[in-house]
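[1] Give me the fold of what follows.
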Amino acid sequence: MISTNIRILGELYRSSPIRFPIRKNQDFRYYCENDMFSYIDAIMFSLWIQYLRPKNIIEVGSGFSSCVMLDTCEKAKLDVKLMFIEPNAERLQSLMGASPLPGLIEKCVQEVEEKVFEILKKTTFCLLIARTFQKLVLM
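    Reported below is the predicted structural model:
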């Protein structure tokens, strides 16, 4: 199983249109030189999004991982509805620049209406990020 996953990831990486830059540039929101979301995490996350092609992604907590999702969906031309739940969206908005961010809910996850999460019945990813851990939950 592990060798199959490695083979799949290798094939995905070779065929992926995405090569994240080391430093911030105008073509990508995510860049590798950051202390929040490592390069290997960004590559793995991007490849799994490209492989699974979810219809929806809900992210609780946001920042560089959000940029990976946005860049991946844009560069790989994926039709994915993204939702970001983040009470302190300053970092994310600074990474976005002047670009609008559809799907941003500026609230604590506990304050978000339950109906927002009904999409989880049909979604593939729910990404939970906290200051002390990062965990990808496959639904």
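
[2] So which residues of the protein form strands?
    56-60, 81-85, 104-105, 125-129, 134-138 (DSSP state E).

[3] what sits against residue 64?
    30, 34, 36, 37, 42, 95 (C-beta atoms under 8 Å, 6 or more residues apart in numbering). Any C-beta I mention is one placed from the backbone N, CA and C, and that applies to glycine too.

[4] swap in residue 114?
    No contacts exist for residue 114 under C-beta under 8 Å, 6+ apart.

[5] do you know how far the residue minimising distance to the centre of the chain is from residue 3?
    The chain has residue 69 as the residue nearest its centroid, 3.2 Å off, counting by C-alpha atoms, centre = their mean. For residue 69, the distance to residue 3 equals 28 Å [C-beta to C-beta, to the nearest Å].

[6] and the strands of the chain, which one is worst for confidence?
    Among those, strand 134-138 has the lowest mean pLDDT, at a mean of 42.

[7] could the contacts of residue 64 go into CSV alongside pLDDT?
    Formatted as CSV, these follow (pLDDT from 0 to 100):
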residue, pLDDT
30, 95
34, 93
36, 90
37, 91
42, 93
95, 84
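
[8] Make JSON lines from those and add distance to residue 12 and neighbour count to it.
    Output for the contacts of residue 64, formatted as JSON lines (distance: C-beta to C-beta, whole Å; neighbours: other C-beta atoms under 10 Å):
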{"residue": "30", "distance to residue 12": "17", "neighbour count": "25"}
{"residue": "34", "distance to residue 12": "23", "neighbour count": "17"}
{"residue": "36", "distance to residue 12": "24", "neighbour count": "13"}
{"residue": "37", "distance to residue 12": "19", "neighbour count": "19"}
{"residue": "42", "distance to residue 12": "14", "neighbour count": "23"}
{"residue": "95", "distance to residue 12": "25", "neighbour count": "22"}
